[in-house]
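>>> Quick check, what structure comes out for this input:
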Amino acid sequence: MKNKSDNSNTIKRKTALLAALEKSLGVVTSACRLTKIDRSTFYQWMKDDPEFKAAVDELSDVALDFGESQLFKQIQNGVPSSTIFFLKTKGKKRGYIERTESMIGDFKEQPLFDVPDDDDPDPNDSKE
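Below is the predicted model of the structure:
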């Protein structure tokens, strides 16, 4: 997180922002508001400082872990929609997928249109 142009104040601000990001589960707007750091500054640091970016990316995993832990709590509490969601996303290899099958008609092969024989009179040909 130490960039050549970083001074001790910038390092403290980055550290404070990372702590705020962790507290807000990675929500940039909330973290910036808590630390009074502009969002544009945050994104500039992300662009210019690979160590800062790596720390932010790691915090994204923490937020995902938190969301998963909440999902597991709901599953343990018997919330059916949470169980279904989990099985649809994590249980695909075991066949827990949603698939729609549509059956139209009786599946007899039928031509899309009639092709007239040469012997058939042209229905558009009017004999007056």
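>>> give the contact list for Phe86.
Applying C-beta atoms under 8 Å, 6 or more residues apart in numbering to Phe86 gives the contacts 71, 75. The way it works is simple: take the backbone N, C-alpha and C, and place the C-beta from them, glycine included.
>>> and it, what helix or strand is that in?
helix 80-90 (DSSP states H and E).
>>> ok now that helix, how far from the chain's centre?
Here the centre of helix 80-90 is set off from its chain's centre by 16 Å, with C-alpha atoms, centre = their mean, to the nearest Å.
>>> For it, list the C-alpha coordinates in CSV.
Output of helix 80-90 as CSV, limited to C-alpha atoms (Å, rounded to 0.1, in the frame of the first residue of the first chain):
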residue,chain,number,x,y,z
PRO,A,80,-37.3,-23.0,2.0
SER,A,81,-36.4,-20.3,-0.6
SER,A,82,-32.8,-20.2,0.8
THR,A,83,-32.5,-23.9,0.5
ILE,A,84,-33.8,-23.8,-3.1
PHE,A,85,-31.5,-21.0,-4.0
PHE,A,86,-28.5,-22.8,-2.6
LEU,A,87,-29.3,-26.1,-4.4
LYS,A,88,-29.9,-24.2,-7.7
THR,A,89,-26.5,-22.5,-7.5
LYS,A,90,-24.3,-25.0,-5.7
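>>> which parts of it are buried?
82, 86 (16 or more other C-beta atoms under 10 Å).
>>> Could you shift the numbering so residue one becomes 270, and keep it that way?
Sure thing, new numbering starts at 270, so read that last one as helix 349-359.
>>> State the mean pLDDT of it.
Helix 349-359 shows a mean pLDDT of 90.
>>> try stretch 278-293
95.
>>> Show me which residues of it are buried.
Under 16+ other C-beta under 10 Å, the buried positions of stretch 278-293 are 279, 282-283, 286-287, 289-291, 293.
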